[in-house]
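Enquirer: Whatever this is, show me its structure:
(one chain, ligands or ions: 1)
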Amino acid sequence: MLTYYKNKRVFLTGHTGFKGTWMTRMLLKAGAIVTGYSLAAPSPSLYELAGFEEFIKTGQLTSVIGDIRNLDALKKAMSDAAPQVVFHLAAQPIVRDSYKDPVYTYETNVMGTVHVMESIRCLLPLAGRKASGGRLICAGARRPGDAWFAPTGTKWRRSEAETGGAPAPDEGYTGKE
Ligand SMILES: NC(=O)c1ccc[n+]([C@@H]2O[C@H](COP(=O)([O-])OP(=O)(O)OC[C@H]3O[C@@H](n4cnc5c(N)ncnc54)[C@H](O)[C@@H]3O)[C@@H](O)[C@H]2O)c1
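Expert: Below is the predicted model of the structure:
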């Protein structure tokens, strides 16, 4: 699976978070060209300790500090990155905090996800020129924050596409059925 990501342009929200830091690490290791879009990492944090500076220097990683509630900023960052794959991990994931600040939680988790999908929708003509498939499809969103997208034509195992597992480019499901 990792070979699929070599030289792929990947846009990742929530790259400064727990899951996002690990995902960034794996994508960089796989040779992807990664643009992350998130709020600034707290200090100390896993992101700070991950040693991404060298990847930022070489241009393999672009870190955009921004808010997914800001549609224009998100659209611009995504358009600049011209991604072939989008992972959406940015979220307010703490249940206790959602009771303290439900409005922020809904704005981030619900409208933030809508903004990610809208930014992708606005990219579709661009994807037609720059990506292989020309359409982007969504599979396996178990909850806001867990959605991922890939160009049509990416072959995913049907069971994984349906359950939200990672894409398996070498098998089965083409997204065209
Ligand atoms: N950590 C887990 O064990 C776990 C398990 C299952 C699912 N998840 C899901 O994975 C996702 C990420 O979880 P995590 O543990 O990495 O969370 P985290 O709190 O460590 O990271 C959240 C990320 O989202 C970003 N973010 C938050 N609000 C934002 C906003 N308004 N605009 C832009 N970026 C914003 C933060 O900057 C950070 O990069 C969540 O949807 C969570 O529910 C996490």
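
Enquirer: May I have the residues that are in contact with whatever residue of the chain ends up closest to the ligand?
Expert: The nearest approach of the chain to the ligand comes at residue 17, 2.0 Å away (C-beta to the nearest ligand atom). (Each C-beta comes from the backbone N, C-alpha and C, glycine too.) Residues in contact with residue 17, defined by C-beta atoms under 8 Å, 6 or more residues apart in numbering, are 38, 41, 47, 89-91, 93.

Enquirer: Any chance of a markdown table for these, columns pLDDT and distance to residue 56?
Expert: Compiled in a markdown table, those are given as follows (pLDDT from 0 to 100; distance: C-beta to C-beta, whole Å):
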| residue | pLDDT | distance to residue 56 |
| --- | --- | --- |
| 38 | 98 | 14 |
| 41 | 97 | 13 |
| 47 | 97 | 12 |
| 89 | 97 | 19 |
| 90 | 98 | 19 |
| 91 | 97 | 24 |
| 93 | 96 | 25 |
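
Enquirer: which ones are touching residue 24?
Expert: With the criterion set at C-beta under 8 Å, 6+ apart, residue 24 makes contact with 12, 15, 34, 36, 50, 52, 61.

Enquirer: Quick check: the farthest pair among those residues?
Expert: The largest separation in these, counting by C-beta to C-beta, is between 12 and 50 at 13.3 Å.

Enquirer: re the thing from before, show the pLDDT at the residue of the chain closest to the ligand.
Expert: Residue 17 carries a pLDDT score of 97 in this model.
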